[in-house]
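1. Need the 3D shape of this:
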Amino acid sequence: MLSRIFEAAGTSTVAISLVREHTVAVKPPRAVFVPFPLGLPLGHPGAAGEQRAVLDLAFSTLAAPAGPVLVEYPDTASDEHGSPYQASDVTLDDRARELDLATEVARLLPAWEAHRAATGRTAIGLCGVPPQRFRDVVRFLEAYLCDTGSDSPDRPGGVDLPTYVRWCVEDVRVFYIEARLQSHPSETSDERALWLLGGTALGAFLRELKAAMESSDDPKTKAAAFGIAR
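-> Got it, this is the predicted structure:
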């Protein structure tokens, strides 16, 4: 954690956490857990009182004599789930098991391209493959599921295979979310998460991939599986 380096140099830090279990595992010097959806670390748009309360709580941790310190924002007003859903929390639609992942990706591409054109931005970019080639990415992931030694010609040198698998999964997940934002703009973040994990071929696939990686004897593969089905 960079925060430890800054703290060692005499600069105080405070982390805003949206995933409590990750923060507990990493143990930054000071952190505030907020139960808001991803992308809203300081609270909901327009909620000035909520945002001020988060900042006040964050600055209050600077008074702690030693760390690690983790305090929680006592949210009682939000109707959203907050922390990311795990696949185990969501019932998978039986129809999602019958869908072909690569075909599903191809069908979502026009919506993603429309979203990219409308906003001028995307959060995709970890794996280095453009969304127009995500059919290749998911075919690689499917091969990896069957044999964790299966590699991709797109994997950069110096990046281990389990890490690259995680990068591919994150980019495909973002692709789905950005496409859904275009086709269903009025959905809440909870509704999008439930759709992705419960109603898509990707949601069904991620369950299988997580189980396969967790069953590996390789520590790096096990570590990369953490949080992959969310």
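2. Could you tell me the end-to-end distance of stretch 209-229?
-> Terminal residues of stretch 209-229 are spaced 8 Å apart (C-alpha to C-alpha, to the nearest Å).
3. Which residues in it does the neighbour count mark as buried?
-> Under the neighbour-count criterion of 16 or more other C-beta atoms under 10 Å, stretch 209-229 has L209, K210, A212, M213, T221, A224, A225, I228, A229 buried. Every residue, glycine included, has its C-beta placed from N, CA and C.
4. so the fifth one sits in a strand?
-> When you say that, I think you mean T221. No: counting by DSSP: H, G, I helix; E, B strand; the rest coil, T221 falls outside a strand, being helix.
5. Without its sequence neighbours, what residue ends up closest to it?
-> Distances taken as C-beta to C-beta, 6 or more residues apart in numbering put P162 closest to T221, at 4.5 Å, once the chain neighbours are dropped.
6. contacting residues around that neighbour?
-> Residues near P162 by C-beta atoms under 8 Å, 6 or more residues apart in numbering: M213, D218, K220, T221, A223, A224.
7. G198 too?
-> Contact analysis of G198 by C-beta under 8 Å, 6+ apart lists V90, T91, L92, D93, A96.
8. how does it look with 6 Å?
-> V90, T91, L92, D93 (C-beta atoms under 6 Å, 6 or more residues apart in numbering).
9. L194 now?
-> Counting by C-beta under 6 Å, 6+ apart, L194 makes contact with V90.
10. quick one, phi psi at it?
-> Dihedral angles of L194 (phi, psi; degrees, to the nearest 10) stand at phi -70, psi -40.
11. On the pLDDT front, check it for me.
-> With respect to pLDDT, L194 has a value of 90.
12. And for the one 10 residues further on?
-> Here the pLDDT value assigned to A204 is 94.
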